[in-house]
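K.L.:
have a look at this fold, sequence not included:
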């Protein structure tokens with residue numbers, strides 16, 4: 001019953017939005033040797049230059065734009081030696097711009113067995129002219145899941161990488177014990193990506209294929225917000241600060257929809273933390289068949305406040321950003337004639353939101369939308385089958 005319900009609620013959105021991969025009930029299959037896909041990530045540097053990372057065949061590539069996405073440069077190849085690269089919606093390459101405009105890129109590399117992977121990282125310290133040889137960020141080299149990487153910078157410029165990891169599930173299975181979901185792990189670098197610290201576990205029992213949202217806290221740490229597994233496959237979300245010290249990780253439950261599914265919906269959350277410490281979040285659930293994007297301000301250990309249903313049936317893959325009291329939420333909305341890019345805005349710190357507006361549309365497919373900020377303005381990076389776009393949230397179409 002749960003499989004039919006989840007497919008009815010979510011499969012049409014995922015298939016239209018990403019085009020090539022749709023919704024997998026268990027895992028995403030390896031993307032080996034594919035041509036360019038629509039999975040991407042984007043970032044703006046301190047000069048307003050846009051950087052976009054995606055995949056072409058077995059190469060991660062980076063391009064830039066000095067005209068706000070209207071044209072993109074010739075690509076810089078990140079991995080000179082070809083290797084398989086995951087490039088679907090929830091498991092796509094990521095890009096960060098460092099405080100001195102360093103370019104940091106991470107991705108998940110499929111291994112030989114299905115649904116396995118290593119988390120890879122490469123950097124450019126010369127503005128994208130060339131990239132250092134990629135490295136694997138974790139010391140565990142079992143041919144198992146280390147995938148769905150996320151990357152962020154803390155207040156001191158440390159690079160924090162988090163991912164979904166199945167080493168503990170494998171150990172439990174070998175011992176004849178039950179283990180629901182996977183674990184989440186992280187590592188960090190305090191030398192601009194030259195080396196990474198030994199990985200640390202965030203928690204056991206997280207969802208196997210939902211992206212991990214990372215955001216910087218006002219005190220300079222990085223926090224994670226991700227779908228966890230509680231009880232008998234209740235797949236709500238957890239929040240944890242990821243210390244780059246000897247302090248213990250203390251994950252806490254942060255959402256309480258009580259969504260019971262025996263599988264992964266491939267539908268991770270998004271997190272944006274204001275300078276005053278308000279944890280703005282969006283996430284997805286389909287309790288009792290009601291597919292809903294939720295907004296709330298997280299109070300780890302308790303229910304979020306200012307809860308709101310952002311959108312319901314046909315809506316998917318929301319992202320969120322904040323600048324002062326201004327909060328933006330973007331998401332995909334399936335319609336009869338294609339896919340709409342929708343935005344909702346708050347100017348009172350998330351207490352209330354304006355009605356949804358369509359700011360762009362495609363008749364075919366697109367990678368998940370990603371908000372980027374430039375001088376307190378919000379833009380949506382959007383990679384459609386017709387080409388890449390940087391859409392201002394003020395756009396009206």
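P.N.:
Yep, that arrived. The shown structure was predicted, so the numbers you read here are calculated from the model rather than taken from an experiment.
K.L.:
please enumerate the helices of this protein.
P.N.:
Secondary structure of the chain by DSSP state H: the helices cover 2-18, 167-174.
K.L.:
how far does stretch 52-71 stretch from one end to the other?
P.N.:
When the termini of stretch 52-71 are compared using Cα to Cα, to the nearest Å, they are 11 Å apart.
K.L.:
next, the buried residues of that stretch.
P.N.:
For stretch 52-71, burial by neighbour count (16 or more other Cβ atoms under 10 Å) applies to 52-55, 58-65, 68-69. C-beta coordinates here come from the backbone N, C-alpha and C atoms, glycine included.
K.L.:
do stretch 349-356 as well
P.N.:
349-350, 353, 356.
K.L.:
name the nearest of these relative to residue 119.
P.N.:
Nearest to residue 119 among the buried residues of stretch 349-356, counting by Cβ to Cβ, is residue 350 at 32.2 Å.
K.L.:
list the contacts for that closest one?
P.N.:
Residue 350 is in contact with 278, 280, 295, 297, 306, 322, 327, counting by Cβ atoms under 8 Å, 6 or more residues apart in numbering.
K.L.:
ok, so what distance separates the second one from residue 311?
P.N.:
For residue 280, the distance to residue 311 (Cβ to Cβ, to the nearest Å) stands at 16 Å.
K.L.:
setting aside sequence neighbours, what's the nearest residue to the residue sitting nearest the centre point of the chain?
P.N.:
When Cα atoms, centre = their mean is applied to the chain, the residue found nearest the centroid is residue 211 (4.6 Å). In space, and not counting its chain neighbours, residue 211 is closest to residue 268: 3.2 Å by Cβ to Cβ, 6 or more residues apart in numbering.
K.L.:
same check on residue 204?
P.N.:
That would be residue 183: by Cβ to Cβ, 6+ apart, it lies 5.0 Å from residue 204.
K.L.:
beta partners for that neighbour?
P.N.:
Counting by DSSP bridges, residue 183 is bridged to residue 165.
K.L.:
count of neighbours near it?
P.N.:
Around residue 183 sit 19 other residues, with neighbours defined as other Cβ atoms under 10 Å.
K.L.:
hmm, it is touching residue 205, no?
P.N.:
Yes - with contact defined as Cβ atoms under 8 Å, residue 183 reaches residue 205; the gap is 7.3 Å.
K.L.:
low-confidence stretches in the chain?
P.N.:
Residue ranges of the chain with pLDDT under 70: 1-36, 395-397.
K.L.:
and residue 280 and residue 311? Which one has more around it.
P.N.:
Neighbour count, other Cβ under 10 Å: between residue 280 and residue 311, residue 280 has more, with 25 against 22.
K.L.:
residue 377 bridge partners, please.
P.N.:
So, taking DSSP bridges as the rule, residue 377 has residue 374 as bridge partners.
K.L.:
now do it against residue 391, distance only.
P.N.:
Distance, residue 377 to residue 391, by Cβ to Cβ: 12 Å.
K.L.:
tell me which of these two has more neighbours.
P.N.:
Taking neighbours as other Cβ under 10 Å, residue 377 and residue 391 compare with residue 391 leading, 20 against 13.
K.L.:
residue 150 versus residue 278, what's the distance?
P.N.:
For residue 278 relative to residue 150 (Cβ to Cβ), the value is 21 Å.
K.L.:
actually, residue 107.
P.N.:
For residue 107, the distance to residue 150 - Cβ to Cβ - is 11 Å.
K.L.:
mutual contacts of those two, please.
P.N.:
With Cβ under 8 Å, 6+ apart as the test, residue 107 and residue 150 both reach residue 94.
K.L.:
more neighbours: which of the two?
P.N.:
Between residue 107 and residue 150, counted using other Cβ under 10 Å, residue 107 has the larger neighbour count: 30 against 23.
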